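**Q** this one's sequence-less:
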């Protein structure tokens, strides 16, 4: 059976991974290659790397950098930032990306989606929609790193993207970005119901239980960025927690935290002293491939 | 016989996530070359046909580069080990309906059709799915009983049971892997399936370097 994907998002600004808060504040975290390597080792299902200010600064995501980042992980790698035409798509795929994420260009010129999908297949094109709440229950899609209003709702844009052959929707809540308040259900539900292609949700994860909530909203994949930083084995621990709550996720890492308990915040509880004492003498050799 | 220096040729036909495949082979320490030139494909010990793309565009490119005849000569006639990944596996079929009817390489008697899952599952089929391996298979050694691999496709191959090496379940039974003589094809992306995928590629390399009788 298909497992629900847990996706790690790397927001990159000036070639440094940052924690983004509300699309306004950015806290530097570290080097993208190392972030890719860690997420990969900790058992992430997919990595989305976004050069968040590429369009604003009139740049394109450099394909030599993508080649370098991609080398550090053997998981699906989707990249986005400043993609403006089909040649950008081709360069990035060739360099080591498996999919491309298109935001501003997808809203402005949806024929780019159609053109790229015809050449590279639907599954290769992910359309990203950044949405902000503009009234009670009303949302508007924004482009250019959340700075430019499109005048359209996320549902409209998602339907346009699907009609033009997009393979997936990557839906981000600007309000919840960096808030640790959980996914925005009012934003997600209508989009999930409106399209027949997979929807990836992003924005607001602060505790592992939020991932499970996202899965229950009908998302095909749950994404988080800041949540995975600064915690050893954050991915494996969160996935074990989701599994314990009944979610169907892939647990394939050497360290799977089987039998460990979590507290209400989803953090690992300290295991019994006897267990820890035994662990001191367990040698887990790395499997030779 | 062991020829560690022999190269794996990754077919460059303007499609496919060639970078990812190269990175995985680098990780495994395999010598490889990315090429569409006859001399290099003929000299290679094994051929990998990667694929991310649309069927019709892929066949158009293969024809334009004169690769259809060359690959058929090398793989079917001379029995060179071949691995088709994702679209690279679908191209083995006789035809596809992606963007209209297109003829494929035709090495395996099968047809590529859109996925139509019965119970309202979303298409494309994206994510990690378990593969049920039909019998003990050289490519699926050391990966466990129900290994998870990464799938990402809108169309799938339908072919006779004889050629099927593995299944996955997505509303209907989807072909996950095929084998016919020395031709292997996998619908998932081993280069993107972490340890399971690397093991599968290692098994392929072992088959290339140490051919069993």
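**A** Arrived safely, thanks for sending. All values reported here derive from a predicted model rather than from experimental measurement.
**Q** okay, CA-based contacts and neighbour counts for the rest of this
**A** OK.
**Q** In the stretch 1-150 of chain A, which residue sits closest to chain B?
**A** residue A:120 (3.5 Å; C-alpha to the nearest C-alpha).
**Q** which ones are touching the residue of chain B at minimum distance from chain A?
**A** Closest contact between chain B and chain A, by C-alpha to the nearest C-alpha, is at residue B:53 (3.5 Å). Taking C-alpha atoms under 8 Å, 6 or more residues apart in numbering or on different chains, we find residue B:53 in contact with A:117-122, A:124, B:15-16, B:87.
**Q** circling back to that earlier point, does the residue of the stretch 1-150 of chain A closest to chain B touch residue B:56 like I think?
**A** No - here residue A:120 does not reach residue B:56: they are 10.3 Å apart, not a contact under C-alpha atoms under 8 Å.
**Q** of these two, who's got more company?
**A** It is residue A:120, of residue A:120 and residue B:56, that has more neighbours when counted by other C-alpha atoms under 10 Å in any protein chain shown, with 26 against 22.
**Q** Give the closest residue to that one in space, chain neighbours not counted.
**A** Nearest residue to residue A:120 in three dimensions, chain neighbours excluded: residue B:53, at 3.5 Å (C-alpha to C-alpha, 6 or more residues apart in numbering or on different chains).
**Q** what helix or strand is that neighbour on?
**A** Under the criterion DSSP states H and E, no helix or strand holds residue B:53.
**Q** quick one: residue B:34 from residue A:90, how far?
**A** 16 Å (C-alpha to C-alpha, to the nearest Å).
**Q** And the helices in the stretch 101-250 of chain A?
**A** In the stretch 101-250 of chain A, the segments counted as helices under DSSP state H, counting those that start in this stretch are A:104-108, A:111-120, A:154-163, A:185-194, A:208-216, A:234-244.
**Q** And chain B, by the same measure?
**A** Secondary structure of chain B, counting by DSSP state H: helices at B:18-28, B:38-43, B:55-64, B:67-71, B:87-90, B:194-209.
**Q** Tell me which of those helices sits most buried.
**A** helix B:87-90 (a mean of 27; mean count of other C-alpha atoms under 10 Å in any protein chain shown).
**Q** So which bits of the stretch 1-150 of chain A are right by chain B?
**A** Residues of the stretch 1-150 of chain A lying near chain B by C-alpha under 8 Å from any C-alpha of the partner chain: A:1-5, A:40, A:45, A:67, A:70-71, A:73-76, A:93-98, A:117-124.
**Q** out of those, which are inside strands?
**A** Within the residues of the stretch 1-150 of chain A next to chain B, residues falling in strands by DSSP state E are residue A:5.
**Q** Can you select the buried ones among the residues of the stretch 1-150 of chain A next to chain B for me in ChimeraX?
**A** Buried subset of the residues of the stretch 1-150 of chain A next to chain B, written as a ChimeraX selection, criterion 16 or more other C-alpha atoms under 10 Å in any protein chain shown:
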select /A:2,3,4,5,40,45,67,70,71,73,74,75,76,93,94,95,96,97,98,117,118,119,120,121,122,123,124
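**Q** neighbours around residue 148, how many?
**A** You didn't say which chain, so I picked chain A. Neighbours around residue A:148, by other C-alpha under 10 Å: 11.
**Q** nope, chain B please
**A** Residue B:148 has 27 neighbouring residues, counting by other C-alpha under 10 Å.
**Q** residues touching the nearest residue to it once chain neighbours are set aside, list them.
**A** Distances taken as C-alpha to C-alpha, 6+ apart put residue B:130 closest to residue B:148, at 4.4 Å, once the chain neighbours are dropped. Residues in contact with residue B:130 (C-alpha under 8 Å, 6+ apart) are A:1-2, B:146-149, B:168-169.
**Q** any idea how far the residue nearest the centre of chain B lies from residue A:251?
**A** With distances taken as C-alpha atoms, centre = their mean, chain B has residue B:84 as the residue nearest its mean C-alpha position (2.0 Å). For residue B:84, the distance to residue A:251 (C-alpha to C-alpha) stands at 27 Å.
**Q** which residues of chain B score low on pLDDT?
**A** Filtered on pLDDT under 70, chain B yields the residue ranges B:1-5, B:211-213.
**Q** So which bits of it are right by chain A?
**A** Residues of chain B lying near chain A by C-alpha under 8 Å from any C-alpha: B:15-20, B:23-24, B:28, B:52-54, B:57, B:99, B:122-124, B:126-130, B:148, B:150, B:152-154, B:168-170, B:191-195, B:198-199, B:202.
**Q** Could you tell me which residues make contact with residue B:169?
**A** A:1-2, B:129-131.
**Q** quick check, nearest of those to residue A:264?
**A** Among the contacts of residue B:169, residue A:2 lies closest to residue A:264 (C-alpha to C-alpha), at 27.8 Å.
**Q** ok, so what distance separates the closest one from residue B:52?
**A** Distance, residue A:2 to residue B:52, using C-alpha to C-alpha: 20 Å.
**Q** how about the residue lying closest to residue B:140 once chain neighbours are set aside, what does it touch?
**A** Spatial nearest neighbour of residue B:140, chain neighbours left out: residue B:200 (6.0 Å); criterion: C-alpha to C-alpha, 6+ apart. The contact partners of residue B:200, by C-alpha under 8 Å, 6+ apart, come to B:139-141, B:143, B:190.
**Q** tell me how far the lowest-mean-pLDDT helix or strand in chain A is from the chain's mean position?
**A** Ranked by mean pLDDT, DSSP states H and E, the weakest helix or strand in chain A is helix A:273-279, scoring a mean of 87. Centroid separation for helix A:273-279 versus its chain: 35 Å, with C-alpha atoms, centre = their mean, to the nearest Å.
**Q** ditto for stretch A:32-39
**A** Distance, stretch centre to chain centre, for stretch A:32-39: 14 Å (C-alpha atoms, centre = their mean).
**Q** what's the answer for stretch A:23-31, then?
**A** The mean C-alpha position of stretch A:23-31 is separated from the chain mean by 16 Å, C-alpha atoms, centre = their mean.
**Q** Also stretch B:149-169?
**A** Relative to the chain's own centre, stretch B:149-169 is displaced by 11 Å; criterion: C-alpha atoms, centre = their mean.
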